[in-house]
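Student: with the input below, show me the fold.
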Amino acid sequence: SLAGAGGPRDLNLELDNQGTLTVAQPLTVNKASARHASSGSIAVNANLIIAQSAPGARFSNSGTVQIASGKALSVSGGEFVHAVGSAVTGAGSVALESLTLTLETDAAMQVPALGLSSTTVNGPGRTLTNWSGCGLTLTNSTVNTALGNAGTLLAPVGHSTVNGAFVNQAGALTRLTGTG
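Tutor: Modelled structure (predicted):
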């Protein structure tokens, strides 16, 4: 999106990013049943919301997403596929809400704050890793993969479940303060 007057941008379309998408103004991508895909790069320099609704809604990332400090990538509804070759990095945050996160490769989401709310993580034989210096918050979520914690893992409210192997590495912190 191009910076300019007028504030946030809303795009009601199905995204197929094969090049470089630079988000310079707050942007919401919202189209019912869309099958969004990115095999290129996305520079999140302003907040990016991918609001998915209706059956079949999906965002598949096989490229890179770089999130600037103080900015956020928020994906809600449907499915978010973390495909082979993908990476989500930067100094910003990621919020995944009310969706299924499918890991086709071990999750390379190295951001200071990753929040999973009412989210199910699937990916047989895969690992969701919370990196050193990073934070992962689970709220009413289910992790059906291995979970490795090298940073800070919080389960503050609600009921979250880890059904795979869990490794809390030396120096890592896991705080379970939720209610059942």
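
Student: show the backbone phi and psi for Gly164.
Tutor: phi -100, psi -180 (degrees, to the nearest 10).

Student: so what strands line up beside the helix or strand hosting His36?
Tutor: Counting by DSSP states H and E, the element that carries His36 is strand 35-38. Strand 35-38 has the following strand partners under DSSP bridges: strand 16-17 (parallel), strand 58-61 (parallel).

Student: using a markdown table, lay out those strands together with mean neighbour count.
Tutor: C-beta coordinates here come from the backbone N, C-alpha and C atoms, glycine included. Shown next, in a markdown table, are the strands paired with strand 35-38 (neighbours: other CB atoms under 10 Å):
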| stretch | mean neighbour count |
| --- | --- |
| strand 16-17 | 14 |
| strand 58-61 | 20 |
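
Student: same list (those strands) but as CSV, adding distance to His159 and mean pLDDT.
Tutor: Shown next, in CSV, are the strands paired with strand 35-38 (distance: least, CB to CB, whole Å; pLDDT from 0 to 100):
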stretch, distance to His159, mean pLDDT
strand 16-17, 36, 98
strand 58-61, 26, 98
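
Student: now Asp10: closest residue in space that isn't a chain neighbour?
Tutor: Residue nearest to Asp10 in three dimensions, not counting chain neighbours: Thr28, with 4.9 Å by CB to CB, 6 or more residues apart in numbering.

Student: how about the helix or strand harbouring that neighbour: buried residues?
Tutor: Using DSSP H and E, Thr28 sits within strand 27-30. The neighbour-count check on strand 27-30 (16 or more other CB atoms under 10 Å) flags Leu27, Val29, Asn30 as buried.

Student: any idea of the mean pLDDT for it?
Tutor: The pLDDT scores in strand 27-30 average 96.

Student: next: stretch 75-90.
Tutor: The pLDDT scores in stretch 75-90 average 96.

Student: lowest-pLDDT helix or strand in the chain?
Tutor: When the helices and strands of the chain are scored by mean pLDDT, DSSP states H and E, strand 109-110 comes last with a mean of 88.

Student: which intervals of the chain have sub-threshold pLDDT?
Tutor: The chain contains residues with pLDDT under 70 at 1-6, 178-180.

Student: distance from the chain centre to stretch 139-151, please.
Tutor: Remark: stretch 139-151 is offset 13 Å from the chain centroid, using CA atoms, centre = their mean, to the nearest Å.

Student: end-to-end on it?
Tutor: 17 Å (CA to CA, to the nearest Å).

Student: and stretch 72-90, by the same measure?
Tutor: 10 Å.

Student: now it: buried residues?
Tutor: Those would be 72-83, 86-88, 90, for stretch 72-90 by 16+ other CB under 10 Å.
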